[in-house]
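Colleague: Sequence unavailable; structure follows:
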């Protein structure tokens, strides 16, 4: 078996067998003592008794002390000299191969056109994301997030109306905000046109109005610059960007609908994340 060719795995298997043997041996010894050994020795005289049961005045067994010191010694060795430091690991080798492949991948595809990025992102989406978000990214009748509106002004308006439960890996939550549709649209225009690194809005005429509303109703948590005041609220400068998407892919996300697991195990490189973000931004829905 390939697993036995890695001496780290052999070490772990051997340690597990030793632990199993010691556990069975000690359990057998204790059960035997419970059946055969009679009580004896000097009892504490300071009231350590209850309902006829007393506490013996016995020293700690020497074997316990030796075992305790041995475990501490082994733990120090394991942390600083044992697995996984300074040893071959199949997982480590795999991670190195992935990093090497990603370097070649990014070097080969670094000059993609916008159309090529969109096509690559669509391919990644269909394979990795469409099972939950649907082939058209509309969320399969609200079973997952509608990505047609995510990262755009419509997504900001939705968040204003229904609030946000945070990113899952952060404890930040936002309640729904009472705001007229016109004001919400203005705030969304300001967020996407001035705060988000995308710097794009379909309603530039509403940006100034949205800035005033944002300062009165949103800046207390998000800050005047919308960057979240060091984690007090979400950093809106990353909303809809590759940076935000990569963070969600790596850490997962909770929402009103359900929870999206982490995709860190997929080892998406920067070009793939950029392509996926480009494809999501290309999706057109109702504003």
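Modeller: Cool, got the structure. These numbers were taken from a predicted model, which means no experiment stands behind them.
Colleague: mind checking how far residue 212 is from residue 35?
Modeller: Going from residue 212 to residue 35 by Cβ to Cβ, to the nearest Å gives 82 Å. (Each C-beta comes from the backbone N, C-alpha and C, glycine too.)
Colleague: give me the low-pLDDT residue ranges for the stretch 101-250 of the chain?
Modeller: For the stretch 101-250 of the chain, the stretches with pLDDT under 70 are 166-171.
Colleague: what ranges do the helices span in it?
Modeller: 114-128, 130-133, 153-162, 181-190, 207-217, 219-222, 242-251 (DSSP state H, counting those that start in this stretch).
Colleague: Report the buried residues of the last one.
Modeller: Along helix 242-251, these residues count as buried under the neighbour rule (16 or more other Cβ atoms under 10 Å): 242, 244-249, 251.
Colleague: just the fifth one next, same as before
Modeller: Burial within helix 207-217, assessed by neighbour count using 16+ other Cβ under 10 Å, is assigned to 207, 209-211, 213-214, 217.
Colleague: Kindly report the same for the fourth one.
Modeller: Within helix 181-190, the residues that qualify as buried by neighbour count (16+ other Cβ under 10 Å) are 183-190.
Colleague: With respect to residue 91, which of the helices of the stretch 101-250 of the chain lies nearest?
Modeller: Taking Cβ to Cβ, helix 242-251 is the member of these nearest to residue 91, at 17.7 Å.
Colleague: Given the helix or strand following that closest one, what are its sheet partners and their directions?
Modeller: Per DSSP states H and E, the first helix or strand lying C-terminal to helix 242-251 is strand 253-254. Paired with strand 253-254 in the same sheet, following DSSP bridges, are strand 259-260 (antiparallel).
Colleague: Next one: the nearest residue to residue 134 once chain neighbours are set aside from residue 94, what distance?
Modeller: The spatially closest residue to residue 134, leaving aside those adjacent along the chain, is residue 140, at 4.2 Å (Cβ to Cβ, 6 or more residues apart in numbering). Note on residue 140: its distance to residue 94, by Cβ to Cβ, is 33 Å.
Colleague: okay, these two: which has more neighbours?
Modeller: residue 140 (15 against 11; other Cβ atoms under 10 Å).
Colleague: so how far is residue 249 from residue 229?
Modeller: Applying Cβ to Cβ, the value for residue 229 to residue 249 is 25 Å.
Colleague: Then residue 145?
Modeller: From residue 145 to residue 249 the distance is 13 Å (Cβ to Cβ).
Colleague: swap in residue 259?
Modeller: From residue 259 to residue 249 the distance is 14 Å (Cβ to Cβ).
Colleague: Then residue 61?
Modeller: Per Cβ to Cβ, residue 61 is found 53 Å from residue 249.
Colleague: repeat for residue 98
Modeller: Taking Cβ to Cβ as the measure, residue 98 falls 15 Å from residue 249.
Colleague: and what of residue 21?
Modeller: 44 Å.
Colleague: picking up where we left off before, which member of the buried residues of helix 181-190 is positioned nearest residue 277?
Modeller: residue 188 (18.8 Å).
Colleague: these two touch, right, that closest one and residue 210?
Modeller: Yes - the pair residue 188 and residue 210 qualifies as a contact (Cβ atoms under 8 Å) at a distance of 7.0 Å.
Colleague: backbone phi and psi for residue 53, please?
Modeller: Residue 53 adopts backbone torsions of phi -110, psi 130, taken as degrees, to the nearest 10.
Colleague: now the strands: where do they sit in the stretch 51-200 of the chain?
Modeller: 53-54 (DSSP state E, counting those that start in this stretch).
Colleague: measure stretch 211-228 end to end?
Modeller: 16 Å (Cα to Cα, to the nearest Å).
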